[in-house]
Structures are given as structure tokens and as C-alpha cells.
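okay, sequence plus prediction incoming.
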There are 4 protein chains.
Amino acid sequence: MIVVMKSGSPEAEVARITQELTTWGLTPEKIVGKHKVVVGLVGETVDLDPLQIQEISPWIEQVLRVEQPFKRASREYRHGEAGDVVVSTPNGPVHIGEHHPVVVVAGPCSVENEEMIVETARRVKAAGAHFLRGGAYKPRTSPYAFQGHGESALNLLAAARDASGLGIITEVMDAADLDKIAEVADVVQVGARNMQNFSLLKKVGAQDKPVLLKRGMSATIEEWLMAAEYILAAGNSNVILCERGIRTFDRQYARNTLDLSVLPVLRSLTHLPIMIDPSHGTGRAEYVPAMAMAAIAGGTDSLMIEVHPNPKKALSDGPQSLTPDRFDQLMKELAVVGNAVNRWPQSAAAIV
Amino acid sequence: MIVVMKSGSPEAEVARITQELTTWGLTPEKIVGKHKVVVGLVGETVDLDPLQIQEISPWIEQVLRVEQPFKRASREYRHGEAGDVVVSTPNGPVHIGEHHPVVVVAGPCSVENEEMIVETARRVKAAGAHFLRGGAYKPRTSPYAFQGHGESALNLLAAARDASGLGIITEVMDAADLDKIAEVADVVQVGARNMQNFSLLKKVGAQDKPVLLKRGMSATIEEWLMAAEYILAAGNSNVILCERGIRTFDRQYARNTLDLSVLPVLRSLTHLPIMIDPSHGTGRAEYVPAMAMAAIAGGTDSLMIEVHPNPKKALSDGPQSLTPDRFDQLMKELAVVGNAVNRWPQSAAAIV
Amino acid sequence: MIVVMKSGSPEAEVARITQELTTWGLTPEKIVGKHKVVVGLVGETVDLDPLQIQEISPWIEQVLRVEQPFKRASREYRHGEAGDVVVSTPNGPVHIGEHHPVVVVAGPCSVENEEMIVETARRVKAAGAHFLRGGAYKPRTSPYAFQGHGESALNLLAAARDASGLGIITEVMDAADLDKIAEVADVVQVGARNMQNFSLLKKVGAQDKPVLLKRGMSATIEEWLMAAEYILAAGNSNVILCERGIRTFDRQYARNTLDLSVLPVLRSLTHLPIMIDPSHGTGRAEYVPAMAMAAIAGGTDSLMIEVHPNPKKALSDGPQSLTPDRFDQLMKELAVVGNAVNRWPQSAAAIV
Amino acid sequence: MIVVMKSGSPEAEVARITQELTTWGLTPEKIVGKHKVVVGLVGETVDLDPLQIQEISPWIEQVLRVEQPFKRASREYRHGEAGDVVVSTPNGPVHIGEHHPVVVVAGPCSVENEEMIVETARRVKAAGAHFLRGGAYKPRTSPYAFQGHGESALNLLAAARDASGLGIITEVMDAADLDKIAEVADVVQVGARNMQNFSLLKKVGAQDKPVLLKRGMSATIEEWLMAAEYILAAGNSNVILCERGIRTFDRQYARNTLDLSVLPVLRSLTHLPIMIDPSHGTGRAEYVPAMAMAAIAGGTDSLMIEVHPNPKKALSDGPQSLTPDRFDQLMKELAVVGNAVNRWPQSAAAIV
């Protein structure tokens, strides 16, 4: 349920209403949108009468039910407005959302050594990326495959962050590592295989860093938004949704089926910002540029692209990684589409 | 197998080689590319020695095996060059292919009456479309649902063709109707449910009109190209591949999953031109614009978009149809992306 | 809608009611069940008032709507009773249905030559099979693969029929071949790839031989029943539904995913008899026995099993074919489960 | 790699070989099969020469490579022999495996209160079940849905265990709860959504209780066996694989697609015992009996069936739960098939 306030409602009145609703056993959340202030209500609202709430204050414009099973994640919860996630990075705050330029995350699948990660950071920064991705803890199908360098890789990510000023995005696989990761990461990633690891969702929801929530390999859009709801319900409202390819009947050429239709679908359902990962989504470097282009024209808020200084020698996911040179060129191609749809940063590829 | 001729090979020499290879029991096809002339060979080539063929003429540059199971449909068969399909329409020939502007096909799911189809034809023509789509024979899940007006609808399509000058694309469901359809249609469509109706494929391959081959709902890319191969092998080299959404585990919001990754994948595998149908691909009019934008940026050669003068009263597929006004606006939005990637006709939406 | 007659209703009265309803513009079908006579009504029944029909005769017990989109195929259409399909074969009529022993169809994927098909017929007959399967026209992914011996293979099937007395089941791919096929076949098969070839469905519905309708590779159960409805609506009430494996995300070991849950699901939805094809369903001979056992315990009415005298040299589908010896042994294993659930013929494997 | 010892090899010699191979940097595991003793070797074996190992002792019969990516889980790792998992329960040890009678696990989705869980335990025990299932921690799609009673539910499971003598199977969602759960549970369950939660797999692999590993909703068989390999590699060799329905394109009638073909497929690939869960696999109580029958005839080693004293009032998964009476009847039906295939306990349904 949401309580929509009239324009110009005094802050004190909003505070009074919030206070009052708390005494009803609810947990009101004040949401300041571009046009309106809204008070969100989640809890035992089934038996509540909207009219009864309406009577609390003449400053209340409307009281509306959220019909979706995902309450806080729904677009209605912000009265139809887009949200954005603001991430602090050494280079300054980066906004990810519908009303901002496309944000690009780039970097290797896993952090292999200091030289490669710092060098990659510098190269992708120069090409216009805002974030460096790199795995310290890697979910691998085989227990005998390289599992990431773990804690020591976190130190290397910190070094790359210092050297480049880029924000860091890295995955948490085990809640026990969350504190260490959150010290280094500007955004904490929950991987596709853990999208319905509800214990982990609750824990990333209880900490402060923004969360990148990858879609599970066969998760429906509703399940994905319900997973986001776990994080939001635990208190963390900074969630970015990342499509990375779903599992279908055909895996002969592309490893997964990148579902770009999430762009209009999520836009209509949720206020959360959207990221597209064409590298995992296709599994082959040669398919990445076309899908990155398509994602921007389709309205994505951000892109995640794997870049490795030497894909052939990568410890993981080499076939889907671009070289820094190819990434540099791709950013110029993306700028053409990004500029056409008014979603490209004016300072990035164009000027650098 | 393909025989690549040296630049400047005399036509007579190519003819002589073709003649010679015929005597070996093969069926050579001469393919004139932009840069090279190639002689394609399909048949019992497993035991042929490329060197032996090479010796036939000093004008032969190379003899190469086509490794893909789809021979004529493979990109190698044209020595890596894109093909295009040229369709005669009252308004002149229309080229569909990688080196041409994006071609737009628009119109209703089914032909309902003369007024609606002629009016729709005029409106989509004015907005920049090159082809009118409209079903005379409709594949419907239920035997009790509207099955299309059949032969009388063909007459209405002919009237709309006369009135607008647009080319006509309509579906054949029964080989018995093929002659009648081919009289009116400029492109004959094989629907998703018939993609592996091999009898029908052979028959559309044995007639002259270009064929639009829709991807089956759960067809792999290889199966799709093999279905195209049936048509090519029967003698019709003008095949356009149309992605219209595949069936996955999630159908709650979008009816199908539009697989835009076919764009880079098909581009690398085949010389055949590609069409994207975001209307069937998503099943909801509100999702169509974003996916059409994405398709152009991702490199499609053509688009098929459902337009109906009154979607709410449509006899079929209303929820996925745009109004003529919304289509008009969409064409302007598409032009922005199309122009950015140099794939938009200079005469169309801008000038008309 | 169905009109349920009271027990003991005079035939003349049923005829009178049928006559009367015809004058209302409906097409009544008289269905004689084990316990009740029912008059089925399909057509424009939405605006009909059941009470109004009830008043036609005091012998009418109830008038009920069929809520399912598949009317004639629904279990309600026979007032909850199972149907059965009776097939005439040289050895006498064979009943396929819920209240009859499991019927086994066996034979090679395609008819290769007279010796192999006659020999196979004799062997599978001796082991207890009632029908011989064998393809004359084969749907193959590649236009360059063996397409079946066509008309000459039909003659060989006729010879095998004469030699063994078994009924013949073979596939029709092209309506133009239907007459020739129906001359030889006791059951005409529509293959998975043609399950939604609605033109073909109408044509097999308009002829007299029973039809085996294979489930499409990604057909939902509702779509499958709607395809059956096309045949029933065209006048042929003898349809057998055959599950042959669906397409899912995993094809590494089994080629398809045999969906045995159709057994209880179809049983509750339809009166039509069910066949399970574990050979196509798994694609590997070594998986066939376990799935055939499971199918019987799960309640199937019939089984289709590929048997080839020399699987390694089969022109198609060798890896999923059993040898005659293995089939013989399997029939003995099946008898154990079949007898346990009272669904095994007393004359077959036990006695032979 | 496995080292197969000759029959009659002295224990001291096996110990000596194990010792020797340890000095080579390997971690040998002694596996005592029915017919042979095998020493399993996992590690950096790529460069090892089987002949070199062979020379260690004249008692070595053969040294074989395990070609599958899952080493310890593969059937080859036990030289083709089936394994079994022996679980201690108050009523004595229960063997789950190919050479033992089918073991039945029954109980409610979640533990709701003491009366219901103790009563259910008594009823399913009387009907012939060996284990009680019941969720204390429940993975739920929505953060607002009932999440299980947690620790207090563990106490109720302990009470039901005492009252009935049944073994207890319950799910762990968070490694932090593992110790508490392992105190009460005789088998620890990893749920479908956590099948690739590799951190959790490592932790259940590092404790002593047998582990029931449910297949992920869209996990391939190889991924499932690799998940089992994580547990085996961490030191716990008692893993049971539970199929509970996969996600496909059709969810209209059955909630999932129960993939019974895992029975022959897993049997050929792994020595681990198999459980089938027709309750989650179909999602509807009325479909459970047919699939349970099929599972036994197809060769399952165990069944998991949801039973609730009052399914209509269940806090979760009511529609797929049987009443105790229906379960009682089902066990009698299962005994018929189980006895026919010689996989039914002689003491259970027959005698009780």
C-alpha cells in the first residue's frame, strides 16, 4: 500500500503520518520522488481500509494498494517513478538509473594477479568505464576448477581501485565473507546460482553496500523481483537487476539466451535500475558487441562487459572476454547508439 | 564444397568448369558475389579430392569444404559474403540484406475486411513501411477460432497492394493454396508451426516467390538453418529468416522470449538476410518499441511489426498490435537509431 | 455442452432430441458410454441456456457445460468416462484404452527393405506386439539425409502386414500421400513436427483410419489436446495421443525428456487413449526398458518401441533401437509389471 | 583414476599402496566394493602414467582413468558397482541403494506444530515409511510468506523422531544453522535452489550426516553430479540424489516436469542412490500416485512423498500433499509394483 502526499505537504506532516502509522503496527517508509512524496506501507495491510488511512490527514492525496506480490520492488511503490542507485566511487558518485547515462562495468571474470587487474582497470577506465568487475570468489561447476584467489584477490581489487578510481563490483558466495568483501567492493554482487539463496539475500539486505542481483538461469521475472524484494525487505533499497542470459533449449552457438525483453518488461514492473551482461549472456566475445548495442537501444541503464588482457590465457571465461583494444573500440561504437538515444555520458568516450 | 574463382576469371571459363563438374555427377551453382565468383557444389562430395578439382582450371583460386551441415545456407557457401534478397513490388525492387537499409513490414495479424486492410496499407506506407503483412489463412490453436478469410482475403490483399504499391507478405499453411497465394504475395511466409513441415518446405522451394521462414517455437538455430536448406535445395535461393520469439519457461509477462542473439549468431553462420518480429516475439504492444529499437542496433536487416487500426477489436492478436499512430511515431524513433548505425533509408520516414 | 440422458432413455427419444437440437443450428453427437448415453453439442453454445435444453425432454438428466477449450477431447464430453479406440487388424480388432490391456507397437524407424521389415514383424509379433511401426516417409532435419523409401516402402509394409497379421502404423507427412497411406495403414500417424500443421490435421480428421497424434517437441498439454480437437472436429473420433519426449534444457544424455506425467494429467483431462514412446523419448536403447516399465506402472494404454534387426546399421535412429532379442526379453520384463497392475494381455508374452 | 586390486589382495598391501601414493602428492581413497577393492585417486592425475602406478605392486590388476568430469560420483570410481547409503535411525540402520528395497520418506512440507508432526510421523510409520520429512527452515519465493518455524521446529522433529523411531530429513538453507540441524536430522537436505550454492555444499560435505541433494530446477544431470562431487570432495561420501521435477515450458497442469528418465541415466553414470519426489515433481496430490508407481517400476531406490493431516489447511504446499489415509492406500498400491520388481521390504506394508 502507498500513501501519496499532496504536492507541498509539510515535512512535519509527513513525519506525523509516518509516526501515526507506526502505532498501527506498520513499518512506513518515506520515499521522496521527483514529483511526489510517498509513504510506503508493507505488512499486514490486507484488512486495512484505504479510506481509514485517508482520514489521518488532509495532506494525503491518495491511498493505493500495490497489487504485485513484489511490493517494495514494484513501480507502483514509487507511484510510477523510476528509482536510481547512487554508488560512491573514488572518482565520485555514479548514478545508475533510467534518467541517467548508461554506466559501463568492465573487467575480467576473475582477478588473476596484480598486474593484470591494475592494467585492466586503467584500460577500461580510459575507455570510459565507471566500474571494474573482477571475481575473488568464483562459483565453478567443478570442485576441481580454479575457485578464485579469495581474500588475496580482494587486496588486488583494492589496489586497482586506488590506481584507477573506478568503483569495484565483486561477488559474494558465502555470507561469512561478506564483511571482507564489503570493505573493498562498492557494489556487492549476488550471482545467478545464488539468486534464490534466501539466507544470503537477507544478509546482503542487512548491510549498506548496493547490491547487484543477477538473474538466476531459469528464474522467471517474478521470481527475480521477489528475490530483490528479499533484499529490499531486509533494509537495503539499493538493488540493481542484472540480466545475464537464461537457459533455453539451444546452447550450441550462444551459451545462454540473453533475454533483452527484460528491458521493457522490468521497466513497466519495477523502479529498480537494470544492467545487461552480454558476456555471460552469449558466452562468446564475437557476439558481445551486437548485443551491447541492442541493449542500449532497448533502454538498459548499464552494461557489464568482460575484458581480459589476454583472453586466451584467462583462468576462466576466456572465450567471452574482449581484449582491452576491442573494448576500447566497442565503447566508441556504443557511444554512437548511446548518443542517438540520449543515454551516453558527455565526458566519456567522446572526450577522453 | 565451393570452388573460389580468381578475380577476373572469364565467364566462359566459369561456364566450362560448371559444365565439367556436371559431368562428374554434381550440381554446380554459380554464385556472383561482390568480390568473387564462386561455384557451389552440393552432393556426394565426401570422397572428392579438392586438389583434383583444383586441377580443372588455372583460374581456380581455392577449393574449400563447407563444414556446416547446412551447405547452401552457410556463409562459407558464398565465401563469407552476405547475400541479399531482392523482392519486386509495385513500388519497385526492395533489397533485404546486410548492406541495405532496414526494411519494415507492417500490417494486421489477419485481413478482416477491405476497408481495414487498405487503410492500414496506406498508413504504414506513409510511415515508411515497404511491405504489408496480413493473414488470409491463419494457424490457430483452436479449431473453433477464426481461421482467416482465406481466398477472399487474398483478393483484399491484392486490392491493398494496388492501392498502396506495397509488397505483400502472407502465410501459406497448405500446399494446395500455394498457387493462389503466390499470385498475390510478393513474399510467401512459412509460419513457426510449419518450420519443420518438410513437405511444405520442398514445395515453397519449388516455386519462384521469395520465402519468409519463421523460426519454430523451439527450433534450434541449426534446425532453422536446415529448414532453410530444404528450400534452397529445392531451388529457391531467396529465403529470409524471421525470429519471432522462442518458447522458454517464463511466459507471464512476454508471451515468448524474443531471441535477439540470433543477430550476431546468424550473421556469422549464414549469408541469408534476417528479420525480427517483436510483435509475436513479445506478444504485447507496449514491449514492441524497445525491442524494435534493440533489433536495429543489434544489426537486423528487417522488422515485422503488427499494426491494426483498432487493436481492441482485432479478430486475432490485438494485444500485440500497434495503432497506426503509434506505428507512425515508432518509425520516427527507429529512424534515430537506424540513422546512427547507417541502416535507415534516406527517403523513408524523414522525407515521405 | 453435453446433454446427459437418464438411464433407460428410449433410443427414439434420443433421436428426437438430436433432431430437435439440429434445428437449433447445432451439430449433436450421440455418445454411448458404458453407463450413460450423452449427446455432445459443439458450436455456438455460449448463449444457450441449459435450462431451455432441459425442457426439451423429461428423459434429460442434466445439461452441462464443457469448460475446457478442447470440447470433444475433454473427459467431460463423455461425462467422465474413458474412451477407447478399436483398430481392425488382420489378427482381429485391437482395443486401446484405459480398460484394456497395454497394447505394444514395435518396429523400425524406417522401412529399409522387405527382408528386414517382414523379419522384424514376425519377431515382434512373436514377442507379443500387436502393431508394426515403420516409416515410409521420414521427417529428417537435413534435406540431404535419407527421406524414407516412400511409396515402395508402403508395399513392403503391406507385405509385412500379410505375413504377420499385425496392424500397421506409419506416418503421413504430406496430405497428398494420405490416400495411399490409408490403404496400407491401420493407424495413420501425425508426427511431432506436424502436430500443429492444422491443414494436415483437418485432412486426417476427414478420413476414416484411426490417428496417432504425437506430441510436438515443445507443445503444451493444452495445445496437444487442441490439436486432437482439430481431428475430432473434422469428424474422426479415433485419436490416440502419443508422448515422445519434450525438449528441455538438457540433452546431453537423453535426447529428449520423456514426460511421463502426461499419464495422470491426460487421464484427468481427456477420454482419449494414451501411448508412450520411450525410444524417441530417450533416444538411447539402454534407457528404453526402464522407461517402458515406468510407463506401464504409471498407467499407459500402449507403448511404441523401436526394434531393428541390426541397430548399428540402421538408416535412421539406430542408437535408440532395440534388437529383436532385447525386445523379446523386455516384453517378458514388462509382463511382470503389466500383470501386477492388471493391464497385461493374458494371451501374449505369458503364453507365447 | 582408480587402482583396481586383484581379488584376495592383502589389506596390508592395499595400505602400503595407499601410503605410497600419498607420497606422490595424491589423496587415495580405499573403496571396498562387493567384488573388488579399489583405490580411488583424485588430484593432479593428468600427467600420471597408469603403467607407472601399475608397477608399484603385483597385486594391482588395472589402473583406469575416470573420464567423467565428476570423479568420485562416477560409476567408474567404484569400478561399476552400485553404492549405498546407510543411515542410522532409532529403528535401526536403513540402507538406500540399488540392491535394497525401496525406502519411503514421507511427511509434511513444513513442521507446523507438535501434534501434527507427531501424528503424521505415527501414521506414515504405520503405513511403511522409514523417514519423516518436515521443513524447519523453508525456502519461499516471497519474503512475506511463512518461512518455517526454524529452531523450535527442530525440537518438534526431535519429538516426532522419539515418538516414531523414524529417521528425520530436513533442509539446511544457511550454513550457520548446520550444527543445530545435524543434531536432529539423520539426513541433511540441500534444496533445489541451493544445488549450486557451492559454499553450502562444501560445508555439508565437511560434516558427517548423509546429505540429500535435490536437483536444481534447471540443472543438467552433469551439473547435478558435479554438485554431488563438491560434497564428496569435501569428505562426505554419503550423498543421495533426489529428482523433484525440472522447469520446462509447460506449467499449466503439473507445476514441474518430473524427469523420471534420470533413473536409467543416473544408474549408468553414478553409484549414488536415487530418490524421486513426485509431490514437488508434479505439484498436485492427484498426480502423485501414478508417478510414484512409475518411479518404482523405473528403478528408483527411494521415494519422497508429502503427507499432511489436513492438506487444505497446510501452511505450505497443501495442493501436493496426500492425507494420511490416501498415503496408507498408496503404500498398498506401491507394494504391488514393488513386489513385482523385487524391490519392496518384506516387513512393511505387507505385514503391518
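Received the coordinates, thanks.

show me the helices in the stretch 151-300 of chain A, by range?
A:151-164, A:178-184, A:198-205, A:221-233, A:262-269, A:278-282, A:288-298 (DSSP state H, counting those that start in this stretch).

mind putting these in JSON lines, mean pLDDT and mean neighbour count included?
From N, CA and C alone the C-beta is placed, and that goes for glycine too. JSON lines is the format used below for these (pLDDT from 0 to 100; neighbours: other C-beta atoms under 10 Å in any protein chain shown):
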{"stretch": "helix A:151-164", "mean pLDDT": "97", "mean neighbour count": "19"}
{"stretch": "helix A:178-184", "mean pLDDT": "97", "mean neighbour count": "17"}
{"stretch": "helix A:198-205", "mean pLDDT": "98", "mean neighbour count": "23"}
{"stretch": "helix A:221-233", "mean pLDDT": "98", "mean neighbour count": "25"}
{"stretch": "helix A:262-269", "mean pLDDT": "98", "mean neighbour count": "22"}
{"stretch": "helix A:278-282", "mean pLDDT": "97", "mean neighbour count": "28"}
{"stretch": "helix A:288-298", "mean pLDDT": "98", "mean neighbour count": "28"}
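
need the ones you listed in CSV (columns: distance to chain D).
Shown next, in CSV, are those (distance: least, C-beta to the nearest C-beta, whole Å):
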stretch, distance to chain D
helix A:151-164, 14
helix A:178-184, 11
helix A:198-205, 4
helix A:221-233, 4
helix A:262-269, 15
helix A:278-282, 15
helix A:288-298, 22
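
and the ones you listed as JSON lines, adding distance to C:Gln252?
Output for those, formatted as JSON lines (distance: least, C-beta to C-beta, whole Å):
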{"stretch": "helix A:151-164", "distance to C:Gln252": "32"}
{"stretch": "helix A:178-184", "distance to C:Gln252": "34"}
{"stretch": "helix A:198-205", "distance to C:Gln252": "29"}
{"stretch": "helix A:221-233", "distance to C:Gln252": "25"}
{"stretch": "helix A:262-269", "distance to C:Gln252": "28"}
{"stretch": "helix A:278-282", "distance to C:Gln252": "20"}
{"stretch": "helix A:288-298", "distance to C:Gln252": "26"}
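
those helices: which one's closest to C:Gly134?
Comparison of these against C:Gly134 by C-beta to C-beta identifies helix A:278-282 as nearest, at 42.7 Å.

other residues contacting that closest one?
A:192, A:243-245, A:254-258, A:285, A:287-288, A:291-292, A:295, A:303-306, A:317, A:320-322, B:261, B:264 (C-beta atoms under 8 Å, 6 or more residues apart in numbering or on different chains).

and for stretch A:219-231?
A:68-74, A:192, A:195-196, A:198, A:201-202, A:204-205, A:211, A:213, A:215-216, A:239, A:241, A:246, A:262, A:265-266, A:269-270, A:272, B:249-250, B:252-253, D:141-143.

how does it look with 6 Å?
Identification of contacts with stretch A:219-231 by C-beta atoms under 6 Å, 6 or more residues apart in numbering or on different chains yields A:70, A:72-73, A:195, A:198, A:201, A:204-205, A:211, A:213, A:215, A:239, A:265, A:270, B:250, B:252-253, D:141-143.

same check, this time on stretch A:38-51
Residues outside stretch A:38-51 that contact it (C-beta under 6 Å, 6+ apart): A:1-4, A:26-31, A:63, A:71, A:77, A:79.

so how do I select the buried members of those residues in PyMOL?
Buried residues among these (16 or more other C-beta atoms under 10 Å in any protein chain shown), as a PyMOL selection:
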select buried, chain A and resi 1+2+3+4+26+28+29+31+63+71+77+79
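
reformat the contacts of stretch A:38-51 as TSV; add secondary structure.
Shown next, in TSV, are these (DSSP: H, G, I helix; E, B strand; the rest coil):
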residue	secondary structure
A:Met1	coil
A:Ile2	strand
A:Val3	strand
A:Val4	strand
A:Leu26	coil
A:Thr27	coil
A:Pro28	coil
A:Glu29	strand
A:Lys30	strand
A:Ile31	strand
A:Val63	strand
A:Lys71	coil
A:Tyr77	helix
A:His79	coil
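
ok, the contacts of stretch A:38-51 vs chain D, which is closest?
Checking the contacts of stretch A:38-51 against chain D with C-beta to the nearest C-beta, the nearest one is A:Lys71 at 7.7 Å.

tell me what A:Leu241 is bridged to.
Beta-bridge partners recorded for A:Leu241 (DSSP bridges): A:Leu213, A:Ile274.

distance check, it against A:Ile169.
14 Å (C-beta to C-beta, to the nearest Å).

for chain A, which spans come out with low pLDDT?
A:347-352 (pLDDT under 70).

what residues does it have near chain B?
Residues of chain A lying close to chain B by C-beta under 6 Å from any C-beta of the partner chain are A:218, A:220-222, A:248-250, A:253-254, A:257-261, A:263-265, A:282, A:287, A:290, A:293-294, A:297-299, A:336-337, A:340.

apart from its chain neighbours, what residue comes closest to A:Pro10?
Among residues not flanking A:Pro10 along the chain, A:Trp59 sits closest, at 7.3 Å (C-beta to C-beta, 6 or more residues apart in numbering or on different chains).

out of the helices of the stretch 151-300 of chain A, which comes closest to A:Cys109?
That would be helix A:278-282 among the helices of the stretch 151-300 of chain A, by C-beta to C-beta, at 8.3 Å.

wait, what's in contact with the residue nearest the centre of chain A?
Against the mean C-alpha coordinate of chain A, by C-alpha atoms, centre = their mean, the closest residue is A:Ile240 at 2.0 Å. With contact set as C-beta under 6 Å, 6+ apart, A:Ile240 has these partners: A:Val85, A:Ile96, A:Leu212, A:Pro273, A:Met275.

10 Å instead?
A:84-85, A:87, A:96-97, A:103, A:105, A:169, A:187, A:189, A:210-214, A:228, A:272-275, A:301-302, A:304 (C-beta atoms under 10 Å, 6 or more residues apart in numbering or on different chains).

try A:Met116
Listed by C-beta under 10 Å, 6+ apart, the contact set of A:Met116 reads A:Gly107, A:Pro108, A:Ser110, A:Gly134, A:Leu156, A:Ala160, A:His308, A:Pro309, A:Asn310, A:Lys313, A:Ala314, A:Leu315.
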